[in-house]
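Asker: for reference, the sequence and a predicted model appear below.
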Amino acid sequence: MTLESKPRIGGWLWLPFIWLILTLLASTLVLARYCIWLLSDQVWHELLMQSHTLLIQVVASLVTAIGVWIYSGWITWLFYQRSSRLPRHYIIWLLLTVALALKSWAFSPVSEAIATRNLLISLLAAAIFAIYLRRSARVKATFIGR
């Protein structure tokens, strides 16, 4: 009796995987910039001199960046393992990226053009990849295993 293994990742499945890897790399760069920024004595002095709301915002932003990095890494692991949990968690991850892009668009002090571009890219990726992960026979064969 031989056990059939799940098909390898291939075809259009590479696009969501590449999107995930790029987001993981981008969040790694964000965390590295946070670490470099927080290692400066002058930054700590300035932060402690400001109101507590600014410190809370910085901590919340750092915790969010760490959370996105951990969740992206875990989903990458699920992708590698071809876990049946991947399609559901990948869609949740896509919605999380849309929510964070929406938060940046509404509240961050970045240029409106950059925030709008990031929001539109996140919305487009979520729309395309969520439908693909729900409907594709390749995804069902690779991750769900009929």
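Answerer: Cool, the structure landed. Numbering: from 1, shown residues only.
Asker: could I get the contacting residues of residue 110?
Answerer: Neighbouring residues of residue 110 by C-beta atoms under 8 Å, 6 or more residues apart in numbering: residue 104. In short, each C-beta sits where N, CA and C put it, glycine included.
Asker: and it, how far is that from residue 128?
Answerer: For residue 110, the distance to residue 128 equals 25 Å [C-beta to C-beta, to the nearest Å].
Asker: all helices of this structure, in order?
Answerer: 14-38, 41-49, 52-81, 86-107, 112-135, 137-139 (DSSP state H).
Asker: just send the ones you listed back as a markdown table, with mean neighbour count, distance to residue 7 and mean pLDDT too.
Answerer: Conversion of the helices of the chain to a markdown table gives the following (neighbours: other C-beta atoms under 10 Å; distance: least, C-beta to C-beta, whole Å; pLDDT from 0 to 100):
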| stretch | mean neighbour count | distance to residue 7 | mean pLDDT |
| --- | --- | --- | --- |
| helix 14-38 | 14 | 13 | 90 |
| helix 41-49 | 10 | 49 | 80 |
| helix 52-81 | 14 | 14 | 88 |
| helix 86-107 | 17 | 14 | 90 |
| helix 112-135 | 15 | 15 | 90 |
| helix 137-139 | 14 | 7 | 84 |
